[in-house]
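A.B. asks: only geometry, no sequence info:
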């Protein structure tokens, strides 16, 4: 997704001289091409995220369309108040970009696990929160961001292409990737592949599964999810993120707010804890029950299939 | 304003009033009739708790009606207790949380430099504010990028939230620190209007590559004898009698 992001940025920077990319000294082997092509639209502020967010706001106040970039927690939590006050409060067009979502840097331990970013960013007024599920969605999201006024958060992870062709894409509109009648599965931020694998496993047991790519957490596509839940009566969410305040929380809030009674609801994510073990992304996902077979067997119980 | 709104920060406001006056009456190229004029100089009031002094200055310059001042700190008023961007003409940036103005000003200065624009960027910061690490990120950044269009003014009244700066977190030798960072440093009496004017004006067309840092030695509560250098006036509200005394003293100075 990093490559999809930087390719989109290069394309836009050719046409729009106000596109401005700022990094806090990260992006080795990814950003060099942009830097070479657009030296006047590039800035490495050094390892100084608070300064990066403040400078980003100053650039945006001067008419630039700014992207500030670092690893998960550094571009978000390290400079949270700058994002809130300097960027969101002024409604400046600054996109906060984080790479290495969730357990991407698994073996580097919890300082590098970006596992609370979605709920924290979602709480900020004016902020649009985007977590694409594959590189195609990342490119489409960038196209929307270029035309958007106001702050965005773009959470990038490593995931292969899942969409066989570019889907209809709009910020705040969930994409129905697979239709089904007995279960609605919602996935965000690189968990679409897991959701599709879960759907495959459940279909083997005869359960018809509808799958949504929820690439935008805020604004949230309340209507699509409420309508789907009303039909299937069974809803589950999958995210590589804490269960506190992320996709599961948003869906639960939505169903209550819109008074959609469902028979079953489950939120699959990372429990409210720091990782106790070290290892690869897939190893850590499995530790917290985020492997497709674990999710599928848990959901099978809803249908008396175990 | 501080009396009718029963707001704090009287000392902090009086400390920077002379600097604001010189900026708006002698230095800044701004147009109250056209606050968004693209070529205007940008002023960032990083010590956002000095809002009342800024509001009084902006009103006197005609950015908004004098009547707004009476609504300061009041329910549904026009003017809040911290510098706030959006609905108040002449304000570039919201502050109140310390350590935010300087990085923002660096962004403005870098954009102006890259665009080839000639306007200047000024940021007024407080001494206690320099405890915040974000400032030091920006203080490293501006000389590295030769932001010659940036001028920082330090309102150095030597007092902060609880006690003196030197008892809390010593800044000295501040001039030496900033010089070693690559700033051009000027040191002035922050209540001598001619000195303030000269320090801020000298920058124009200077054949230099370094940003300017003006250390303005000030007195917290300047102009009101019972407030001067008394840190209680970071928090206290004026009662009727104190207001009369303060007003008399200030009027005698004029």
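C.D. replies: Cool, got the structure. Predicted, not measured: the structure shown is a model, and the values here were computed from it. Numbers count the residues shown, from 1 in each chain, chains lettered A, B, ... in the order given.

A.B. asks: CA only for contacts and neighbour counts going forward, please
C.D. replies: Fine.

A.B. asks: tell me how many other residues crowd residue B:182.
C.D. replies: When counting by other C-alpha atoms under 10 Å in any protein chain shown, one arrives at 20 neighbours for residue B:182.

A.B. asks: residue contacts, it?
C.D. replies: B:143-144, B:210 (C-alpha atoms under 8 Å, 6 or more residues apart in numbering or on different chains).

A.B. asks: just the ones of these in helices?
C.D. replies: B:143-144 (DSSP state H).

A.B. asks: which parts of the stretch 151-254 of chain B are helices?
C.D. replies: Listed in chain order, the helices of the stretch 151-254 of chain B (DSSP state H, counting those that start in this stretch) span B:165-168, B:174-181, B:193-201, B:240-253.

A.B. asks: and what of chain A?
C.D. replies: A:2-15, A:32-37, A:49-61, A:72-76, A:80-81, A:117-122, A:135-146, A:192-204, A:222-232, A:247-257, A:281-287, A:292-300.

A.B. asks: before we move on, back to that, comparing the helices of the stretch 151-254 of chain B, which comes out most buried?
C.D. replies: For those, ranked by mean neighbour count under the definition mean count of other C-alpha atoms under 10 Å in any protein chain shown, the leader is helix B:193-201 at a mean of 18.

A.B. asks: off-centre distance for that one?
C.D. replies: Computed by C-alpha atoms, centre = their mean, to the nearest Å, the chain-centroid distance of helix B:193-201 equals 14 Å.

A.B. asks: show me what it is packed against.
C.D. replies: helix B:10-22, strand B:184-189, strand B:212-217 (3 or more C-alpha pairs under 8 Å, 6 or more residues apart in numbering or on different chains; DSSP states H and E).

A.B. asks: want to throw the ones you listed into JSON lines with mean pLDDT?
C.D. replies: As requested, those are arranged in JSON lines below (pLDDT from 0 to 100):
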{"stretch": "helix B:10-22", "mean pLDDT": "95"}
{"stretch": "strand B:184-189", "mean pLDDT": "96"}
{"stretch": "strand B:212-217", "mean pLDDT": "97"}
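
A.B. asks: so which of these gets nearest chain A?
C.D. replies: strand B:212-217 (18.1 Å; C-alpha to the nearest C-alpha).

A.B. asks: quick check: angle from the closest one to helix B:174-181?
C.D. replies: 170 degrees (axes from the mean of the first three to the mean of the last three C-alpha atoms, to 10 degrees).

A.B. asks: partner strands of strand B:212-217 and their direction?
C.D. replies: strand B:150-156 (parallel), strand B:184-189 (parallel) (DSSP bridges).

A.B. asks: from those strands, which stretch is densest packed?
C.D. replies: Mean neighbour counts for the strands paired with strand B:212-217 (mean count of other C-alpha under 10 Å) peak at strand B:150-156, with a mean of 25.

A.B. asks: quick one: mean pLDDT over that one.
C.D. replies: Regarding strand B:150-156, the rounded mean pLDDT is 98.

A.B. asks: just want the angle from it to helix B:193-201.
C.D. replies: Using the same axes, to 10 degrees: strand B:150-156 against helix B:193-201 is 150 degrees.

A.B. asks: what residues does strand B:150-156 touch?
C.D. replies: B:15-16, B:105-106, B:109, B:120-127, B:142, B:190, B:200, B:211-219.

A.B. asks: angle of that strand against helix B:10-22?
C.D. replies: Using the same axes, to 10 degrees: strand B:150-156 against helix B:10-22 is 140 degrees.

A.B. asks: quick one on the thing from earlier: looking at the helices and strands packed on helix B:193-201, which is nearest to residue A:213?
C.D. replies: Among these, strand B:212-217 comes nearest to residue A:213, with 51.7 Å by C-alpha to C-alpha.

A.B. asks: distance of residue A:44 relative to residue B:8?
C.D. replies: Distance, residue A:44 to residue B:8, by C-alpha to C-alpha, to the nearest Å: 40 Å.

A.B. asks: how about the strands in the stretch 1-150 of chain B?
C.D. replies: Here the stretch 1-150 of chain B has its strands, by DSSP state E, counting those that start in this stretch, at B:42-45, B:121-126, B:150-156.

A.B. asks: out of those strands, which gets nearest to residue A:26?
C.D. replies: Of these, nearest to residue A:26 by C-alpha to C-alpha is strand B:150-156, at 26.9 Å.
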